[in-house]
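S.K.: Pasted the sequence and its predicted model underneath.
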Amino acid sequence: MESYRAALEGELKECFAGREGFLYNLLRYHLGWVDQQGQPESAPPRPSFHSLLAPASAEAVVGEYAPALPVAAAVELIYNFSLVHGDVQAGRGEAGARPSLWWVWGPSQAINAGDGLHALGRAAMMRLGELGVAADRVLTAVAMLDQSCLSMCEGQYMDLGFQDRLLVTIADYNDMISRKAGALTGCAAAAGALAAGAAEPTQGRFRDLGSKLGMAWQITRDIADLGGQAGDGLTASNVLNKKKSLPLLYALEHCSTAAKRELGAIYMKRVLEPPDVARIVGIIEETDGRAYAEGKARELVEQALAILDAASIPAERQEGLQALARQSLTAPA
């Protein structure tokens, strides 16, 4: 992972080479490279799980990860575009350990910055041509990125829409996260394989593998939120916002009639309060919703690794993907 991360950070810096001015300072701030005054940060955050799937997939295909660095940079920038817009949508005042971009510069500039990250992501993918990838394959990779971004937006639309509905099924949730989380991770793996020279059938297998790992990653973060790990460390922030996670949906389908009435009364409220969230989490625990979700995440990872095993890839070339499979089941720090 360390070699992937270091190389990807260098590729991202290349994407920003020669781009100066206020807009790019905002983008560098969001990526954690500089502070609000534009001064370099000593310990910028590491690249995302999503982007690292690209070099890991390339290494699995051809034994080296460098051909997929433009793919990784493109996915990282698109993922961060979604985070900037997501912070505005959710009204989150903090992104990690510091103020979110919109909180500092306002929602209008945040939307503009998010759009800038999206455009840079597409430009990053085009850098495949500089590595000698044929033009038709570069265009295929860009089309993959665009389609995954569109699917991600569809998933975000569904996720936001679920907040206003109590009757959401587990099948609805699986469809949503396959778009919101699985589409971009599927693109990272498939385009990483493409950059390494893989043919279409192999690209398709890697897309499926990446999608399953992305869905497991999302479920793991939904579980972590129940203990406040994905929010302020105290409150299940997604529950507070009426998000419909897999543990909650399992509880809704399997809890007692009395508990269903109680949940219905809570969700009829216009605004939830911490005691409401505590009761919801309590019902989830009583009905083993957390355990069910953990099992589903493990099942998705097992399915992804089965795809890898069926591809007859030497064990030493699987190490990156194996590490990311374990990471998809690890709660955020």
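M.R.: Done, it's in. Numbering: from 1, shown residues only.
S.K.: can you list the weak-confidence ranges in the stretch 201-333 of the chain?
M.R.: Counting by pLDDT under 70, the stretch 201-333 of the chain shows low-confidence ranges at 228-240, 333.
S.K.: And the strands in it?
M.R.: Remark: no strands are assigned in the stretch 201-333 of the chain by DSSP state E, counting those that start in this stretch.
S.K.: Spit out the contact partners of Glu273.
M.R.: Remark: with contacts taken as C-beta atoms under 8 Å, 6 or more residues apart in numbering, Glu273 is in contact with nothing. In short, each C-beta sits where N, CA and C put it, glycine included.
S.K.: Look up how far Met1 lies from it.
M.R.: Using C-beta to C-beta, to the nearest Å, one obtains 40 Å as the distance from Glu273 to Met1.
S.K.: where exactly do the strands run in the stretch 51-200 of the chain?
M.R.: 94-95, 98-99.
S.K.: Distance to Glu200 and mean neighbour count added to the ones you listed, as JSON lines?
M.R.: As requested, these are exported to JSON lines (distance: least, C-beta to C-beta, whole Å; neighbours: other C-beta atoms under 10 Å):
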{"stretch": "strand 94-95", "distance to Glu200": "38", "mean neighbour count": "16"}
{"stretch": "strand 98-99", "distance to Glu200": "43", "mean neighbour count": "15"}
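S.K.: Looking at these, spot the one closest to Ala171.
M.R.: Each of these was scored for nearness to Ala171 using C-beta to C-beta, and the closest is strand 94-95 (31.6 Å).
S.K.: who's in contact with Ala123?
M.R.: Ala123 is in contact with Cys15, counting by C-beta under 8 Å, 6+ apart.
S.K.: what about Leu263, distance to Val271?
M.R.: From Leu263 to Val271 the distance is 16 Å (C-beta to C-beta).
S.K.: ok, these two, which is more surrounded?
M.R.: When neighbours are counted by other C-beta atoms under 10 Å, Leu263 and Val271 differ, and Leu263 comes out ahead with 20 against 7.
S.K.: That one is in contact with Glu253, isn't it?
M.R.: No - with contacts defined as C-beta atoms under 8 Å, Leu263 does not count as touching Glu253, sitting 11.2 Å away.
S.K.: Which helix runs longest in this structure?
M.R.: Counting residues, the longest helix in the chain under DSSP state H turns out to be helix 135-162.
S.K.: Off-centre distance for it?
M.R.: Between the mean C-alpha location of helix 135-162 and the chain-wide mean there is a distance of 13 Å, by C-alpha atoms, centre = their mean, to the nearest Å.
S.K.: what's the answer for stretch 200-220, then?
M.R.: Computed by C-alpha atoms, centre = their mean, the separation of stretch 200-220 from the middle of its chain amounts to 12 Å.
S.K.: How about residues contacting stretch 87-94?
M.R.: The set of residues external to stretch 87-94 that reach it, using C-beta under 8 Å, 6+ apart, is 86, 95, 99-103, 107, 110-111, 114, 156, 160, 241.
S.K.: Return the residue of the chain that is most distant from the centre.
M.R.: Farthest-out residue of the chain from its mean C-alpha position, per C-alpha atoms, centre = their mean: Ala258, at 35.7 Å.
S.K.: buried set for the longest helix of the chain?
M.R.: 137-138, 140-142, 144-146, 148-149, 151-152, 154-156, 158-159, 162 (16 or more other C-beta atoms under 10 Å).
S.K.: and if you look at stretch 26-43?
M.R.: Within stretch 26-43, the residues that count as buried by 16+ other C-beta under 10 Å are 26-34.
S.K.: So which of those residues belong to helices?
M.R.: Taking DSSP H, the ones among the buried residues of stretch 26-43 that sit in helices are 26-31.
S.K.: Compile those into JSON lines and extend it with columns for distance to Gln318 and pLDDT.
M.R.: Shown next, in JSON lines, are those (distance: C-beta to C-beta, whole Å; pLDDT from 0 to 100):
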{"residue": "Leu26", "distance to Gln318": "39", "pLDDT": "95"}
{"residue": "Leu27", "distance to Gln318": "34", "pLDDT": "96"}
{"residue": "Arg28", "distance to Gln318": "35", "pLDDT": "95"}
{"residue": "Tyr29", "distance to Gln318": "37", "pLDDT": "94"}
{"residue": "His30", "distance to Gln318": "33", "pLDDT": "94"}
{"residue": "Leu31", "distance to Gln318": "30", "pLDDT": "93"}
